[in-house]
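Participant: just coords:
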């Protein structure tokens, strides 16, 4: 059965941000619609029926909490991801307390928004055949999914195509970092700092070695997901 195409409503009064976010969501295969005000968002939610809303806390007419309340009055199952200012701790707490599901702080990466939305949408996905299906509803909320690759953080388990992949602690840490930044070119310096916690200083061979280990376990006999971008670093993306 074909997967359901998810609908995401993006609400922000910055047109450029809405355009970029909608473009990234469409790239994921989802439908995306933008709204610039709280009133537009409420009307769009009623007429369009989104599965999730990316909602800025600060809008020109209504604040995000008021928009959330009005949307949930008619569609309580809709998932809401708040966009907040980095220093607006009170807003983040208030948003979650009011029924929001998650938040990201500005400035943010597009990949972070996509990953968080995937997690929210898995909670409302229809029942699937089982654990081996990366879109199955039985996956826990801390699962990271890219194509047929699944990493469950709480269990430290990895599967590809439903088959378990045994990783060493360092291989797991490397894959976890790559999955946290899907479709982004990551330099060796960034990987060293994140996985080995020290600055880049002639240790490129360490990254190259563990990327090769990971490829043998993740990509062996399958369409590759780990790609080398010459002169720039490495990229993890779903197999074509």
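Facilitator: Thanks, I have the structure now. These numbers come from a predicted model, not from an experiment.
Participant: Give me the below-cutoff pLDDT ranges for the protein.
Facilitator: Residues of the chain that meet the criterion pLDDT under 70 lie in 1-4, 86-89, 91-92, 123-139, 197-203.
Participant: Any idea how far the longest strand along the chain is from the middle of the chain?
Facilitator: The longest strand of the chain (DSSP state E) is strand 79-85. What separates the centre of strand 79-85 from the centre of its chain is 13 Å, taken as Cα atoms, centre = their mean, to the nearest Å.
Participant: Offset the numbering so it begins at 3, please.
Facilitator: Sounds good: first residue 3 from here, last item strand 81-87.
Participant: Pairing partners for it, with directions?
Facilitator: strand 54-58 (parallel), strand 104-108 (parallel) (DSSP bridges).
Participant: in this structure, which residue is closest to the centre?
Facilitator: The chain has residue 117 as the residue nearest its centroid, 0.6 Å off, counting by Cα atoms, centre = their mean.
Participant: Secondary structure element holding that one?
Facilitator: Following DSSP states H and E, one finds residue 117 within helix 112-124.
Participant: So residue 87 sits against residue 107, correct?
Facilitator: Yes: if you go by Cβ atoms under 8 Å, residue 87 and residue 107 touch, sitting 6.9 Å apart. Yep, even glycine has a C-beta here, placed from its N, CA and C like the rest.
Participant: Checking my notes, residue 223 in a helix, right?
Facilitator: No: counting by DSSP: H, G, I helix; E, B strand; the rest coil, residue 223 is not part of a helix but coil.
Participant: contacting residues for it?
Facilitator: Residue 223 makes no contacts at all, as judged by Cβ atoms under 8 Å, 6 or more residues apart in numbering.
Participant: could you give the angle of the longest strand of the chain to helix 112-124?
Facilitator: 150 degrees (axes from the mean of the first three to the mean of the last three Cα atoms, to 10 degrees).
Participant: which parts of strand 81-87 are buried?
Facilitator: Using 16 or more other Cβ atoms under 10 Å as the test for burial, strand 81-87 gives 81, 82, 83, 84, 85, 86.
Participant: residues near residue 16, how many?
Facilitator: Number of residues near residue 16 (other Cβ atoms under 10 Å) recorded here: 13.
Participant: same thing with residue 213?
Facilitator: The burial count assigned to residue 213 is 19, neighbours taken as other Cβ under 10 Å.
Participant: Would you mind giving the secondary structure of it?
Facilitator: helix.
Participant: Residue 238 is in contact with that one, correct?
Facilitator: No: under the criterion of Cβ under 8 Å, residue 213 makes no contact with residue 238, lying 10.1 Å away.
Participant: how about the helices in this protein?
Facilitator: 17-29, 40-50, 66-76, 91-99, 112-124, 171-182, 190-193, 206-220 (DSSP state H).
Participant: how about the ones you listed in JSON lines, adding distance to residue 228?
Facilitator: Shown next, in JSON lines, are these (distance: least, Cβ to Cβ, whole Å):
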{"stretch": "helix 17-29", "distance to residue 228": "20"}
{"stretch": "helix 40-50", "distance to residue 228": "37"}
{"stretch": "helix 66-76", "distance to residue 228": "38"}
{"stretch": "helix 91-99", "distance to residue 228": "34"}
{"stretch": "helix 112-124", "distance to residue 228": "16"}
{"stretch": "helix 171-182", "distance to residue 228": "7"}
{"stretch": "helix 190-193", "distance to residue 228": "12"}
{"stretch": "helix 206-220", "distance to residue 228": "5"}
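Participant: Quick check: residue 92 vs residue 238, distance?
Facilitator: To residue 238, residue 92 is 36 Å away according to Cβ to Cβ, to the nearest Å.
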